[in-house]
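Undergrad: Pasting the sequence and the predicted model now:
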Amino acid sequence: MKLLQGKISLVTGGSRGIARATALAPAAEGADVAVNCAHSLEAAEEVCSLIRQSGARAVAYKADIAMEDEAHTMVEKIQKDLGPVSILVNNAGITRDKSFVKMTKNMWDEVLGVNLNGPFNVTHAALPAMLNLGWGRIINVASIVGQTGNFGQANYGAAKTGMYGLMNVAKIEGEKYNILVNLISPGAATRMTNNLGGAQGQDADERQIVMGPEHVAPAVTYLASPQCQESGVCIDAAGGHYGRVAIVRNAGVNYDPHEHRDADWFEDQWSKITDLTGATAPWSFRETREQHYAAKKA
């Protein structure tokens, strides 16, 4: 049996780039795929045609996921056409780049509408079926911009960092139902990234090989599979590299809260307060990931 046999996967923004690759790869592992697009239904249909050639079922759905009613209607149609969604890849994203001082409120709202409200809307619509199944995999497609920043992308960076927070809460709420939630932070040659400054100085053919979206697909396919048993992990996938990006907590400095400390004391302790030696990744504010998974195995 193939890795994802019998699963129904929904990929948002699924007609090009990373979404196209992450729609085709699960289909090759036996999943039936719903391909969402906001504009080009024809391009989404082309992806579906390729999926059907692999023997899987595929249907394209045009919906603006920034709109709650459209997201819910789409998920309802998918359940009627294919069955309950058990794998969700929140990939859809847009950019409206401008330096922060020149960025308009409309540019801010538009990006957060698709990139953060969209994943909320679609996840909110798909989650009840996963709860009924007692199984689900949610993969949010984030960005290094949300972790390190990039000039002119305050709206995009805020939305992608928001996806990290959404994952951290959803992983806790979904765990007892075997619903795992993870992030992928991809670097790939797509229409969205080819206009960035660094990309314009690279050979286009070489960039497409090294930074092709298909390099992201294996990580997404694994995170969508029963073999994946970890939740709340952000995977960095870019150009021949896979790694992990994490928010960590260090040992810091302890002091007696009954005694006053001033800013001079804080300055003196700065190097210890900020030292990341031995830092650990938290599962929640109560325990580290290591403590959490050790307790599960006990």
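TA: Alright, I've got the coordinates.
Undergrad: now this structure, which segments are flagged as low pLDDT?
TA: Scanning the chain for pLDDT under 70 picks out the ranges 188-211.
Undergrad: how about 50 then?
TA: Within the chain, the stretches with pLDDT under 50 are 190, 192-194, 196, 199-200, 207.
Undergrad: List the pairing partners of the strand ranked longest in it within its sheet, with orientation.
TA: Secondary structure assigned by DSSP state E gives strand 179-187 as the longest strand of the chain. Next to strand 179-187 in the sheet, as set by DSSP bridges, lie strand 136-141 (parallel), strand 234-238 (parallel).
Undergrad: Could the C-alpha coordinates of the next helix or strand after the longest one be exported in PDB?
TA: Going back to what we said before, that points to strand 136-141. Using DSSP states H and E, the helix or strand that directly follows strand 136-141 along the chain is helix 145-148. Output of helix 145-148 as PDB, limited to C-alpha atoms (Å, rounded to 0.1, in the frame of the first residue of the first chain):
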ATOM      1  CA  VAL A 145      10.800  36.100   6.200                       C
ATOM      2  CA  GLY A 146       8.700  35.400   9.300                       C
ATOM      3  CA  GLN A 147      11.700  34.200  11.200                       C
ATOM      4  CA  THR A 148      14.400  36.600  10.000                       C
END
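Undergrad: Regarding the closest residue to Trp283 other than its chain neighbours, what is its secondary structure?
TA: In this structure, Trp283 finds its nearest non-sequential neighbour in His292, 3.9 Å apart by CB to CB, 6 or more residues apart in numbering. C-beta coordinates here come from the backbone N, C-alpha and C atoms, glycine included. What DSSP: H, G, I helix; E, B strand; the rest coil gives for His292 is helix.
Undergrad: circling back: might you calculate how far the longest strand of the chain sits from the centre of the chain?
TA: Centroid separation for strand 179-187 versus its chain: 4 Å, with CA atoms, centre = their mean, to the nearest Å.
Undergrad: Please apply the same query to stretch 158-175.
TA: 9 Å.
Undergrad: Flag every buried residue along it.
TA: Buried residues in stretch 158-175, counted by 16 or more other CB atoms under 10 Å: 158-164, 166-168, 170-171, 174-175.
Undergrad: Also stretch 48-63?
TA: Cys48, Ile51, Ala56, Arg57, Ala58, Val59, Ala60, Tyr61, Lys62, Ala63.
Undergrad: how about those residues in a markdown table, adding distance to Val216?
TA: Output for those, formatted as a markdown table (distance: CB to CB, whole Å):
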| residue | distance to Val216 |
| --- | --- |
| Cys48 | 20 |
| Ile51 | 17 |
| Ala56 | 20 |
| Arg57 | 23 |
| Ala58 | 19 |
| Val59 | 23 |
| Ala60 | 21 |
| Tyr61 | 22 |
| Lys62 | 24 |
| Ala63 | 23 |
